[in-house]
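Peer 1: when you get a sec, could you give me coordinates for this:
(one chain, ligands or ions: 1)
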Amino acid sequence: MHTHQKLLSPLVTPSITFKNRVVMAPMSRRRAEQAIPSASAPLYYGQRASAGLIIAENSAVAPNGVGYLNAPGIYNAPQKAAWKKVVDEVHARDGKIFVQLVHTGRIGHALNHEGHLPLVGASSLKAADIIRTPNNEHHPMPEPEVLTTEGAAALVDAHIQASIAAMDLGFDGVEIHGAHGFLPAQFLHPATNQRTDRYGGSIANRSRFLLDIMEGVTAAIGKEHTGVRLSPFVGINDLPTYPEETATHLYLTTALQQLGIFYIHLSGMPVNGVSTISADYLREVRQRFKQLLIVAGGYTADSGEALLQAGLADMIAYGKPFIANPDLVEKFRHHTPLAVADPGIFYEGGDTGYIDFPIIHPQPEINTVAINS
Ligand SMILES: Cc1cc2nc3c(=O)[nH]c(=O)nc-3n(C[C@H](O)[C@H](O)[C@H](O)COP(=O)(O)O)c2cc1C
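Peer 2: The predicted model follows:
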C-alpha cells in the first residue's frame, strides 16, 4: 500500500502555505441562475476545503463571456456578494481558494447572456457544436462578432478588473483560463485567429491577448496571486491540435517565467491511458518555468504521487474525484475507496449531486460550521 507521502505533505511557498498538494480542479457546476453563485455554493466549496487549494469554477469577467447556461460571473454586485460567502466559508474551514476567470468568446449562446449579448471572438469562425439554452433547448453556437483591436483590449481590461474584484472579495488569487478553447485560447490558435492586427499572425502576436492579460493582472494584484491554466494538445471545443502548438506554448511558458507568475496549471486528458501532457513536455516546461507547476487530467493518488516524486509537478489537480468525494484528501490518506459521480449530475440537479455526497472522514470543523447563505 502506498503512502502518498508527498501528495499529502504541505507545500510552503513565500506567499502561501498549502496544507497538502491536492488541488480541487476548477469545475463548472452550472447551478448559478442569472450567473449568480447559488445559495448552496458556500457549503459545496466548504465541504471540499481540506484540499490544499480549491480553484473555483470558471467565472465570467464580462456579461458576453458567460457562454454556458447557469455558469457564474464575477462582474456585478450580486455575483460578488455570493462569491464572498464562498470565500468566507472556505477560509473559515482553513482552506485556500483561487477563482478561475474566463471569457468564453465564441463558445456559448446569446440566450445564455444577460441582455442576450451576442458572442464575440478573435475571428468569425463559429464552433461546430450545440449548446444548452434556457427551457432545456439546444442550439448551434452562432457565429461570433469579430472583436476590434480596442474591443480585445477592453476584454483584457475586464480580466484585470475581475482579478482586482476577486482579491477585494478575499480570494487568495486568480487563475486566468487560457485553456479549453475559450477566448484566450481562440487568440492563441491559428484556426480561430485570422487577425491581421497586433493580436494576429505570428506566435508572439497570437500570444499577446493572453500575455497582456497576465501582465495586467500581475501588475494589478501581484504575481504571487496570479496563475494560468493552459491545455496544449487537448483539442477540445472544436480546436484541433496544430503544427506550431508546441512552439506556441513554449514561447508562452518563457514569457510567463519572465512575468514571474505564481503557477502554470496544465490541463491534460488521458487518451488510451497516456496523458496529452507527456513527461517530455513537462520537462520542457520545467526547464523554462521555475514557479509552481500544477498538472491535471485523470490522476489517481498513486499516479499523482508518482508525478510529484519524479519532480515533474508541484501539485496535482483532481476534478471528477472531488465531485462525489468532498473528503478526497482524507480518503487518499486512509486509502478509502472513492465514490464515483454520475455524469448526469455534473451540470444540473440543484442540490442533488452537489452538496449531498457523504463525508466519511470529516475535518474537525466540517458539519459544525453554520452556513448562513
Ligand atoms: C463537471 C466538470 C466541469 C468542469 N469545468 C471546468 C472549468 O470550469 N474550468 C476548467 O478549466 N476545467 C473544467 N473542467 C475540467 C477539470 O478541471 C479537469 O481538468 C478534468 O475533469 C480532468 O481531471 P479529472 O480526470 O481529475 O476529472 C471540468 C470538468 C468537469 C468534470
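Peer 1: could you list the contact residues of the protein toward the ligand?
Peer 2: 25-28, 57-58, 100, 177, 179-180, 229, 267, 296-299, 318-321, 346 (Cβ under 6 Å from any ligand atom). C-beta here means a position set from N, CA and C on the backbone, and glycine is covered the same way.
Peer 1: the same query, at a cut-off of 8 Å, please.
Peer 2: For the chain, the residues in contact with the ligand under the definition Cβ under 8 Å from any ligand atom are 25-29, 55, 57-58, 71, 100, 102, 177, 179-180, 229, 231, 267-270, 296-299, 317-323, 343, 346-347.
Peer 1: which ChimeraX command selects the buried ones in the residues you listed?
Peer 2: Buried members of these, identified by 16 or more other Cβ atoms under 10 Å, are gathered into one ChimeraX selection as follows:
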select :25,26,27,28,29,55,57,58,71,100,102,177,179,180,229,231,267,268,269,296,297,298,299,317,318,319,321,322,323,346,347
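Peer 1: looking at the residues of the chain next to the ligand, which are in strands?
Peer 2: Under the assignment DSSP state E, the residues of the chain next to the ligand contribute Ile55, Glu57, Asn58, Gln100, Val102, His177, Arg229, Ser267, Pro270, Ala296, Ala317, Tyr318 to strands.
Peer 1: lowest-confidence one in these?
Peer 2: Note: of those, the lowest pLDDT belongs to Pro270, at 90.
Peer 1: give me the beta-bridge partners of it?
Peer 2: Beta-bridge pairing for Pro270 (DSSP bridges): Ser275.
Peer 1: surely it touches Val295?
Peer 2: No: with contact defined as Cβ atoms under 8 Å, Pro270 and Val295 do not form a contacting pair (12.0 Å).
Peer 1: just the pLDDT for the closest residue to the ligand within the stretch 251-373 of the chain.
Peer 2: Using Cβ to the nearest ligand atom, the single residue of the stretch 251-373 of the chain nearest to the ligand is Gly319, 2.7 Å away. Per-residue confidence for Gly319 comes out at a pLDDT of 98.
Peer 1: contacting residues for the closest residue to it other than its chain neighbours?
Peer 2: Spatially, and ignoring its direct neighbours in sequence, Gly319 is nearest to Ala25 (3.9 Å; Cβ to Cβ, 6 or more residues apart in numbering). The contact partners of Ala25, by Cβ atoms under 8 Å, 6 or more residues apart in numbering, come to Ile55, Ser267, Ala296, Ala317, Tyr318, Gly319, Phe322.
Peer 1: report the two of those residues separated the most.
Peer 2: Of all pairs drawn from the contacts of Ala25, the greatest distance, 14.7 Å, lies between Ser267 and Phe322 (Cβ to Cβ).
Peer 1: for Ile54, see how far away the residue of the stretch 251-373 of the chain closest to the ligand is.
Peer 2: Applying Cβ to Cβ, to the nearest Å, the value for Gly319 to Ile54 is 12 Å.
Peer 1: just the helices from the stretch 251-373 of the chain, written as ranges.
Peer 2: 279-288, 301-309, 320-324, 328-334 (DSSP state H, counting those that start in this stretch).
Peer 1: out of these, which is closest to Tyr263?
Peer 2: The closest approach between Tyr263 and any of the helices of the stretch 251-373 of the chain, judged by Cβ to Cβ, belongs to helix 279-288 at 11.4 Å.
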